[in-house]
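>>> okay, predicted coordinates and the sequence, questions at the end:
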Amino acid sequence: QVQLVESGGGLVQAGGSLRLSCAASGRFFNKNVMGWFRQAPGKEREFVAAISTGSTYYADSVKGRFTISRDNAKNTVYLQMNSLKPEDTAVYYCAARLSMVLTAESNNYDYWGQGTQVTVSS
């Protein structure tokens, strides 16, 4: 069974930084895409970033500010968030896709974490 556990969320002022982590269980980790999504109150869940073994993919809204990375030895994926803005406030979810093809479509991801809250104050 695959489990994803996010951590690292919190409250930060605009312009600040946070690093989210997602620890994954199971033997699938080295052969799949990992993604980050977020959902703000009253809005639909949206794509943030994804990573395969050698490629990354970002939403335009976070490009240049956020960096996704993975440590296969630790079965962990990270999201480094810099220059945070109030509009980045959301619950951030980690997701895993049992495929090596990058995608921003949430329906194409097979497993999800429980989410971690990120709040950016102005």
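Thanks, I have the structure now.
>>> show me where this structure has strands.
Assigned by DSSP state E, the chain shows strands spanning 4-7, 10-13, 18-24, 33-39, 46-51, 56-58, 66-71, 76-81, 90-97, 111-112, 116-121.
>>> most tightly packed of the ones you listed?
Each of the strands of the chain was scored by mean neighbour count; the highest is strand 33-39, a mean of 24, by mean count of other C-beta atoms under 10 Å. All C-beta atoms are positioned from the backbone trio N, CA, C, and that covers glycine.
>>> just checking, what packs against that one?
Strand 33-39 is packed against strand 18-24, strand 46-51, strand 66-71, strand 76-81, strand 90-97, with contacts defined by 3 or more C-beta pairs under 8 Å, 6 or more residues apart in numbering; DSSP states H and E.
>>> go again with 10 Å.
Here strand 33-39 touches strand 18-24, strand 46-51, strand 56-58, strand 66-71, strand 76-81, strand 90-97, strand 111-112, going by 3 or more C-beta pairs under 10 Å, 6 or more residues apart in numbering; DSSP states H and E.
>>> just the CA trace of it, in PDB.
Only the C-alpha atoms of strand 33-39 are listed here, as PDB (Å, rounded to 0.1, in the frame of the first residue of the first chain):
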ATOM      1  CA  VAL A  33       6.100  10.900 -11.300                       C
ATOM      2  CA  MET A  34       5.600  12.900  -8.100                       C
ATOM      3  CA  GLY A  35       3.500  16.000  -8.100                       C
ATOM      4  CA  TRP A  36       2.400  18.900  -5.900                       C
ATOM      5  CA  PHE A  37      -1.100  20.400  -6.100                       C
ATOM      6  CA  ARG A  38      -2.800  23.000  -4.000                       C
ATOM      7  CA  GLN A  39      -6.300  24.000  -3.200                       C
END
